[in-house]
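[1] this is the structure alone, sequence omitted:
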């Protein structure tokens, strides 16, 4: 509880302002005022924190204790007990963990479907050229099939 709870508090405070418990026992979290539509591009999120913990070199550089020393500068045997003294607010701050900005625009829609649209356009043009090459001089019912015109 002295390690996990401080990490959770920092993660919670990055996005949420308050949490209230309703009568059913479920929690209702309230986002910060400017986060109601979407998270700002410079806000740290789970992907950023996941990248931090999955990158050994970044983790060694970013885990800083309350007194300013790095956790991994301590002798190996003292590191586990020192986890309670890690300054999680500084360690998980967006300026230290953010590796890319997430920008929300219509470009993402294009990037996700442009290959499918291109394939459909190319196939349509190929079929159009194939149909244009056909010599349709005999308009007998065998060519047109059965219908009101034949």
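    Thanks, I have the structure now. Keep in mind that what you see is a predicted model, and the values were worked out from it rather than measured.

[2] grab the most central residue of the protein for me.
    Centrality entry for the chain: nearest residue to the mean C-alpha point is residue 47, 6.6 Å, by CA atoms, centre = their mean.

[3] so which helix or strand takes in residue 17?
    Assigned by DSSP states H and E, residue 17 belongs to strand 16-21.

[4] what about residue 116, which SS state?
    helix (DSSP: H, G, I helix; E, B strand; the rest coil).

[5] also residue 25?
    Classified using three-state DSSP, residue 25 is coil.

[6] check contacts around it.
    Not one residue lies near residue 25 by CB atoms under 8 Å, 6 or more residues apart in numbering. From N, CA and C alone the C-beta is placed, and that goes for glycine too.

[7] per-residue confidence for it?
    According to the prediction, residue 25 has pLDDT 88.

[8] ok, residue 136 next?
    62.

[9] before we move on, what about residue 62?
    91.

[10] average pLDDT for the strand holding residue 17, rounded please.
    88.

[11] just stretch 65-72 next, same as before
    For stretch 65-72, mean pLDDT rounds to 94.

[12] which parts of the helix or strand harbouring residue 11 are buried?
    Using DSSP H and E, residue 11 falls within helix 4-15. Neighbour-count burial for helix 4-15 flags 6-7, 10-11, 14-15 (criterion: 16 or more other CB atoms under 10 Å).

[13] that helix packs against which elements?
    Under the contact definition 3 or more CB pairs under 8 Å, 6 or more residues apart in numbering; DSSP states H and E, helix 4-15 sits against helix 88-91.

[14] which strands and helices sit next to the helix it packs on?
    When contacts are defined as 3+ CB pairs under 8 Å, 6+ apart, helix 88-91 packs onto helix 4-15.

[15] can you rerun that using 10 Å?
    When contacts are defined as 3 or more CB pairs under 10 Å, 6 or more residues apart in numbering; DSSP states H and E, helix 88-91 packs onto helix 4-15, helix 56-62.

[16] a markdown table please, covering those helices and showing distance to residue 82.
    As requested, those are exported to a markdown table (distance: least, CB to CB, whole Å):
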| stretch | distance to residue 82 |
| --- | --- |
| helix 4-15 | 13 |
| helix 56-62 | 14 |
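
[17] lowest average confidence across those helices, which one?
    Note on the helices and strands packed on helix 88-91: lowest mean pLDDT is at helix 4-15, with a mean of 88.
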